[in-house]
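Undergrad: Sequence and predicted structure below; questions after.
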Amino acid sequence: MDFDFYNFFLVFVRTGAFLLALPFFSAVNMPVMMRIALAAFASLLLSPQLPPFPAEHLDLISLVGLMARETSIGLLLGFVGRMIFFATEMASGIIATELGLNMGSMLDPSTQQPEPVTGVILYLLTTVVMLTLNLHHGMLLGFARTFDVLPLGGGHLNTSLFEMFVQRTSGIFVVALQIAAPVMATSFVITVFFAVMSRAVPQMNVFGESFGFRVAGGLIVFGFTLQLTAQYVANHLRRLPEDLLTFGHLMGG
């Protein structure tokens with residue numbers, strides 16, 4: 001019974017940290033008791049399938065260190081699962097800056113903080129794509145399989161893990177630029193057009209006249225490219241189970 005309890009407890013720690021890092025499970029409007037219950041239920045299903053963890057030699061300090069290690073592993077895997085949300089947040093910041101919508105904000109339901117309108121739209125789009133296509137099932141399945149490649153009490157830092165982490169993090173910037181590229185191109189064309197008009201008609205108030213065209217044109221392009229953005233998000237989420245297993249392999253050596 002001690003071995004079973006330690007299995008359940010360590011799986012619960014890693015699973016709870018993983019859910020804590022995910023966007024919709026860590027939202028402000030997500031009850032904490034619900035998140036704890038989900039982690040406990042998942043641990044109850046996963047722990048009997050794992051070999052017993054030898055815990056008879058552990059003292060209190062070793063147990064606390066083991067908990068810290070499992071928490072770090074769960075948070076790292078959760079960060080990997082949240083990378084596409086980081087990319088959409090960065091893309092929304094770029095789009096809002098290009099269109100001059102930084103001052104116009106609305107309440108983000110996940111954080112209860114004011115965010116740019118484009119940021120809320122992209123966050124909800126990413127969440128809807130994940131849930132409607134059942135891609136969160138693959139993410140949770142990939143996390144469950146990490147226990148096979150990264151057993152309880154295992155895991156360590158190494159050069160390959162750091163290189164992979166940097167590579168995946170740099171991909172956030174690439175995806176963000178791909179999402180924001182159409183709006184950036186539209187804003188650039190409008191800026192060049194009004195720069196030419198300012199030379200042709202010096203009396204024109206270029207800043208005042210171009211602002212409305214930039215906002216209208218950028219929002220139109222942003223709306224027409226939401227389907228392309230959803231494809232970027234879906235493609236990234238489909239690779240997410242493999243990414244979780246890759247990080248698990250690297251941490252497990």
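TA: Here it is on my side, so go on. Not measured: the values here are computed from a predicted model. Residues are numbered from 1 along each chain as shown.
Undergrad: Can you spell out which helices and strands pack onto the helix or strand containing residue 168?
TA: Using DSSP states H and E, residue 168 falls within helix 159-200. Counting contacts by 3 or more C-beta pairs under 8 Å, 6 or more residues apart in numbering; DSSP states H and E, helix 159-200 is packed against helix 83-99, helix 206-224, helix 226-238, helix 240-252. For the C-beta atoms, the positions are set from N, CA and C on the backbone; glycine is no exception.
Undergrad: Now with 6 Å, please.
TA: Under the contact criterion of 3 or more C-beta pairs under 6 Å, 6 or more residues apart in numbering; DSSP states H and E, helix 159-200 touches helix 83-99, helix 206-224, helix 240-252.
Undergrad: for it, the distance to its chain's centre please.
TA: 19 Å (C-alpha atoms, centre = their mean, to the nearest Å).
Undergrad: got the angle between it and helix 206-224?
TA: 130 degrees (axes from the mean of the first three to the mean of the last three C-alpha atoms, to 10 degrees).
Undergrad: and the gap between residue 169 and residue 185?
TA: Taking C-beta to C-beta, to the nearest Å as the measure, residue 169 falls 25 Å from residue 185.
Undergrad: What of residue 126?
TA: 22 Å.
Undergrad: Between those two, which is the more surrounded one?
TA: Comparing residue 126 with residue 185 by other C-beta atoms under 10 Å, the one with more neighbours is residue 126, at 24 against 13.
Undergrad: Does the more buried one touch residue 232 like I think?
TA: No - Residue 126 lies out of contact with residue 232 (C-beta atoms under 6 Å); the separation is 9.7 Å.
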